[in-house]
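S.K.: Mind folding the following:
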Amino acid sequence: MPHSRRPGRRKERPKGAGTVPPPRVGGTGAGWASGINAYAVVLLLGVFGATGLSDDVPEALQRPDVLIAAGVLFLCEAVADKIPYVDTVWDSVHTVVRPVAGAVVGALLAGHSGSLPDLAAGAIGGSTALASHAVKAGTRMAINTSPEPFSNVAMSIAEDLGVAGILTFAMFHPVAAAVIAAVLLLVGLLTLFFLVSRIRRFLRRRAQRREERRLAAHVGPPPG
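M.R.: This next block holds a predicted model:
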């Protein structure tokens, strides 16, 4: 006779077993945004966490001292970023700051366990921030070849809006935000490739101005 199963209760699976946890705030999007404006990223994430808009923001970014420092530095960048040539100096100073901020934010958003995925998230955030910073700094060099200041202001406002938009979108759709950030980064790198000639022109002009100032300092003022 064929063996028949005894009727009985089915063994229930633990709640949540075999399910994929919902994605957290994307480190890729935060990394791209950190390369553009690291202080805005820290400030916005801290505000999102402190106001309860997101439960994925670590406590370290919600501390009042961190929010105040990020807010003050964001205001400084908002001014420096809109002044021709000053923005390039500011970008040069932040060549290390922005990638480090992207790596730290990426690792914090991933978790605090120190596991390999957390370290990978930090590496992705840092490398993405470095790439987007290179795009921003190179684009500003190209823009500074134009004598008018309006393009600097327009580009700075567009960058700030892009950072705010990507981070806000990542609160609800982290995967889609990461894809958008990756596309923006690719477009930026391609644009930077085509702007190389203008960047070289900017560097030549800056070197020429330095040489003129050096010669003027050696010659000295004309005799009275």
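S.K.: does E148 sit in a helix, a strand or a coil?
M.R.: Recorded secondary structure, E148: coil (DSSP: H, G, I helix; E, B strand; the rest coil).
S.K.: Repeat that for K82.
M.R.: Assignment for K82 (three-state DSSP): coil.
S.K.: Now for the spatially most central residue of the chain: which residues touch it?
M.R.: Geometric centre of the chain, nearest residue: S34, 1.8 Å, by CA atoms, centre = their mean. The contact partners of S34, taken as CB atoms under 8 Å, 6 or more residues apart in numbering, are 41, 98-99, 101-102, 105, 125, 128-129, 132. No exception for glycine: its C-beta is placed from N, CA and C like everyone else's.
S.K.: taking those residues one by one, which sit in helices?
M.R.: Those of these mapping onto helices are 41, 98-99, 101-102, 105, 125, 128-129, 132, per DSSP state H.
S.K.: just the buried members of the contacts of S34?
M.R.: 41, 98-99, 101-102, 105, 125, 128-129, 132 (16 or more other CB atoms under 10 Å).
S.K.: Just give me the least confident of these.
M.R.: Lowest pLDDT of the buried ones among the contacts of S34: G125, 87.
S.K.: does it really touch G31, like I thought?
M.R.: Yes. Using CB atoms under 8 Å, G125 makes contact with G31 at a distance of 3.6 Å.
S.K.: what is in contact with these two at once?
M.R.: Applying CB under 8 Å, 6+ apart, one finds that G125 and G31 are jointly contacted by 102-103, 105-106.
S.K.: and which of those is nearest A60?
M.R.: V105 (9.9 Å; CB to CB).
S.K.: Pull the distance from stretch 211-219 to the chain's centre.
M.R.: 39 Å (CA atoms, centre = their mean, to the nearest Å).
S.K.: residues making contact with that stretch?
M.R.: So stretch 211-219 is in contact with no residue, going by CB under 8 Å, 6+ apart.
S.K.: pLDDT averaged over it - what is it?
M.R.: 73.
S.K.: okay, the ones in helices among the contacts of S34 in a markdown table with distance to P117 next?
M.R.: Formatted as a markdown table, these follow (distance: CB to CB, whole Å):
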| residue | distance to P117 |
| --- | --- |
| V41 | 21 |
| R98 | 23 |
| P99 | 20 |
| A101 | 20 |
| G102 | 17 |
| V105 | 15 |
| G125 | 12 |
| T128 | 16 |
| A129 | 18 |
| S132 | 22 |
